[in-house]
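Enquirer: Sequence and predicted model, in that order:
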Amino acid sequence: MSTDVATPVHSNDPEPQERATVGSLVSDYFARLRGGDVGSLPAVLGLIALVVIFSALRPSTFPTELNFANLISQEAGVTVLAMGLVFVLLLGEIDLSAGFTGATAMAVLGVLLTNHGWPLVPALICALLTGTVIGWCIGQLVAWLGIPSFVVTLAAFLGLQGALLLIIGNGGTISFTNSFVLALNNNNLPVWLGWVLGIAGVVVYAGLGLMASIRRRRAGLSYEPLLKWALKSVIVAVLALAIVGWLSGERSVNPAMKSLKGVPDVLVIIVGLLLVLHFALTRTTWGRHVYAVGGNPEAARRAGINVRGIKLSCFMVCSTMAAVGVLLIVSRDNSVSTSTAGDQTLLYAVGAAVIGGTSLFGGKGRIVDALIGGTVIAVIDNGMLLLNQSAGVVDAVTGIVLLIAASVDAISRKRAASS
């Protein structure tokens with residue numbers, strides 16, 4: 001699901017689409033790389049290298065359909081958390097409380113469903129609103145009082161950890177028995193439905209890209225060459241259909257006991273959130289204002305943008321997405337406890353966004369960065385455990401990868417400034 005910004009083609013060029021060639025597109029891309037716009041390329045190259053290495057070291061366990069499906073389930077919660085954090089990072093801010101925000105929201109869900117017997121829909125709405133309200137409170141303190149987000153969210157980290165203890169009880173656990181909640185990160189789609197959604201997704205992606213290019217061309221704006229649109233559509237189609245095909249095969253160790261086929265439900269949820277949030281950032285005035293505030297808050301204010309309102313809304317989106325992300329975690333664990341989505345989950349989520357290409361300095365990042373970075377972290381975690389490495393080694397390797405990603409970001413910003 002690449003969402004790279006199209007190479008500008010000025011409207012005074014009469015037929016830029018017809019003159020575009022593969023060579024010119026490659027030259028333009030390398031020119032962007034030399035200018036410091038590396039995007040998600042380092043993360044993608046690193047992901048490919050990791051997959052090759054782990055596949056060579058554990059050929060019988062790592063590159064299998066079963067392990068691939070497990071990777072999707074493992075990374076789902078962290079990836080969705082990272083999607084929400086992208087909005088805050090785009091502002092040059094940070095949210096250290098996102099993990100416990102989501103855990104608190106899910107504790108509310110567990111109490112309402114299990115202890116009070118509420119129906120699913122109102123209980124789920126209350127849980128998601130809990131995350132939204134927490135984000136509103138954090139945003140008010142950051143945007144209106146001007147307290148640094150690091151301090152506010154660190155205080156929220158401690159406070160929400162205490163709230164979680166009060167709701168659940170020290171060392172307590174709330175188990176989930178609701179079939180809908182448990183299905184989110186454990187069930188699979190029917191094979192035929194996975195193919196239908198995969199093909200439909202490719203058609204929608206290609207169609208929206210083509211229509212956007214046509215609209216911009218008719219309006220006299222810069223637009224994407226037809227050849228570039230076709231190449232991107234083909235790449236997305238090959239990846240999407242390959243994933244659906246691989247997951248449609250039998251991956252159960254004992255098919256006679258239980259068959260495991262089809263695309264996991266959680267993958268559809270992740271892709272759906274990816275599309276909605278990408279649309280919000282790239283196709284709405286609000287999304288353009290988010291990038292403007294992250295790039296230069298003072299210039300955005302002088303341009304008439306409500307900087308405080310943008311900051312407030314981004315923290316609300318982040319906390320709401322944290323509730324959704326931890327919902328996927330508790331679905332996989334079948335319970336919520338005082339250790340759910342603790343500090344390591346938050347650090348993995350921040351790392352996923354940064355490793356994927358979102359800048360810590362604000363103004364640069366995409367929702368797809370969270371998906372790419374989350375996959376990198378999941379592959380490291382999964383592959384190292386298959387190699388029987390300790391948790392300490394896994395954390396050390398993840399930290400090194402995050403440091404490399406932050407270094408690439410800093411170097412690319414300096415290169416972009418000098419060019």
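Expert: Cool, got the structure.
Enquirer: and residue 336, helix, strand or coil?
Expert: strand (DSSP: H, G, I helix; E, B strand; the rest coil).
Enquirer: And the next helix or strand past the helix or strand of the chain with the lowest mean pLDDT?
Expert: Least confident helix or strand of the chain, by mean pLDDT, DSSP states H and E, is helix 16-19 with a mean of 50. Toward the C-terminus, helix 16-19 is succeeded by helix 22-34 as the next helix or strand (DSSP states H and E).
Enquirer: Does anything pack onto that following helix? Which helices or strands?
Expert: helix 226-247 (3 or more C-beta pairs under 8 Å, 6 or more residues apart in numbering; DSSP states H and E). (Glycine included, C-beta is placed from N, CA and C.)
Enquirer: tilt between the helix it packs on and helix 22-34?
Expert: 80 degrees (axes from the mean of the first three to the mean of the last three C-alpha atoms, to 10 degrees).
Enquirer: average model confidence for helix 226-247?
Expert: Helix 226-247 carries an average pLDDT of 91.
Enquirer: now the strands for this structure?
Expert: Ranges of strands in the chain, per DSSP state E, are 173-175, 335-337.
Enquirer: looking at these, which is buried most?
Expert: By mean neighbour count, with neighbours taken as mean count of other C-beta atoms under 10 Å, strand 335-337 ranks first of these at a mean of 23.
Enquirer: which outside residues touch it?
Expert: 103, 106-107, 109-110, 168, 172-176, 326, 330 (C-beta atoms under 8 Å, 6 or more residues apart in numbering).
Enquirer: ok now do the closest residue to residue 61 other than its chain neighbours, which residues does it touch?
Expert: Nearest residue to residue 61, sequence neighbours excluded (C-beta to C-beta, 6 or more residues apart in numbering): residue 386, at 5.4 Å. Contact partners of residue 386, counting by C-beta under 8 Å, 6+ apart, are 54, 58, 61-62, 67.
Enquirer: again, 6 Å this time
Expert: Counting by C-beta atoms under 6 Å, 6 or more residues apart in numbering, residue 386 makes contact with 58, 61-62.
Enquirer: Please apply the same query to residue 356.
Expert: Residue 356 neighbours (C-beta under 6 Å, 6+ apart): 40, 43, 369-370, 372-373.
Enquirer: just to revisit the earlier point, of the contacts of residue 386, buried ones?
Expert: Among those, the ones that count as buried by 16 or more other C-beta atoms under 10 Å are 58, 62.
Enquirer: Pick the one among the contacts of residue 386 closest to residue 97.
Expert: residue 62 (34.5 Å; C-beta to C-beta).
Enquirer: Per-residue pLDDT of residue 137, please?
Expert: For residue 137, pLDDT reads 96.
Enquirer: for the chain, which spans come out with low pLDDT?
Expert: Within the chain, the segments meeting pLDDT under 70 span 1-20, 171, 416-419.
Enquirer: Give me the neighbour count for residue 372.
Expert: A count of nearby residues for residue 372, using other C-beta atoms under 10 Å, gives 25.
Enquirer: Go through the contacts of strand 335-337 and single out the one with the most neighbours.
Expert: Busiest of the contacts of strand 335-337 [other C-beta under 10 Å] is residue 106, holding 34 neighbours.
Enquirer: All the helices of the stretch 51-200 of the chain, in order from the start?
Expert: 65-90, 98-110, 120-139, 149-168, 179-184, 191-218 (DSSP state H, counting those that start in this stretch).
Enquirer: possible to save the ones you listed as CSV with distance to residue 318?
Expert: Converted to CSV, the helices of the stretch 51-200 of the chain look like this (distance: least, C-beta to C-beta, whole Å):
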stretch, distance to residue 318
helix 65-90, 4
helix 98-110, 6
helix 120-139, 6
helix 149-168, 10
helix 179-184, 20
helix 191-218, 26
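Enquirer: Residue 361: which of those is closest?
Expert: Using C-beta to C-beta and comparing the helices of the stretch 51-200 of the chain, the one that lies nearest residue 361 is helix 65-90, at 9.0 Å.
Enquirer: how about that closest one: buried residues?
Expert: Applying a neighbour-count criterion of 16+ other C-beta under 10 Å, the buried positions in helix 65-90 are 65, 67-69, 71-90.
Enquirer: ok, so of the contacts of strand 335-337, who is nearest residue 412?
Expert: Using C-beta to C-beta, the contacts of strand 335-337 come closest to residue 412 at residue 326, 32.0 Å.
Enquirer: Quick one: residues contacting the closest one.
Expert: Residue 326 neighbours (C-beta under 6 Å, 6+ apart): 102-103, 106, 341.
Enquirer: hmm, try it at 7 Å
Expert: Neighbouring residues of residue 326 by C-beta atoms under 7 Å, 6 or more residues apart in numbering: 77, 102-103, 105-106, 340-341.
Enquirer: Now tabulate the residues you listed in TSV and tack on distance to residue 163.
Expert: Output for the contacts of residue 326, formatted as TSV (distance: C-beta to C-beta, whole Å):
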residue	distance to residue 163
77	20
102	12
103	9
105	11
106	12
340	13
341	13
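Enquirer: hmm, which two among these are most spread apart?
Expert: 77 and 105 (12.7 Å).
Enquirer: thinking again about what came up before, cross the contacts of residue 356 against helices and list the overlap.
Expert: Among the contacts of residue 356, DSSP state H puts 43, 369-370, 372-373 in helices.
Enquirer: what comes up buried for stretch 36-52?
Expert: Result for stretch 36-52 [16+ other C-beta under 10 Å]: buried residues 36-40, 42-44, 46-47, 50-51.
Enquirer: actually stretch 278-294, sorry about that
Expert: In stretch 278-294, counting by 16+ other C-beta under 10 Å, buried: 278, 281, 287, 289-294.
Enquirer: any idea which of the residues you listed is closest to residue 211?
Expert: Nearest member of the buried residues of stretch 278-294 to residue 211, counting by C-beta to C-beta, is residue 278, at 15.6 Å.
Enquirer: Surely that closest one touches residue 367?
Expert: Yes: the criterion here is C-beta atoms under 7 Å, and residue 278 meets it with residue 367 at 4.7 Å.
Enquirer: What is the neighbour count of the nearest residue to residue 113 once chain neighbours are set aside?
Expert: With sequence-adjacent residues excluded and distances taken as C-beta to C-beta, 6+ apart, residue 113 is closest to residue 123, at 5.1 Å. Neighbour count for residue 123, taken as other C-beta under 10 Å: 21.
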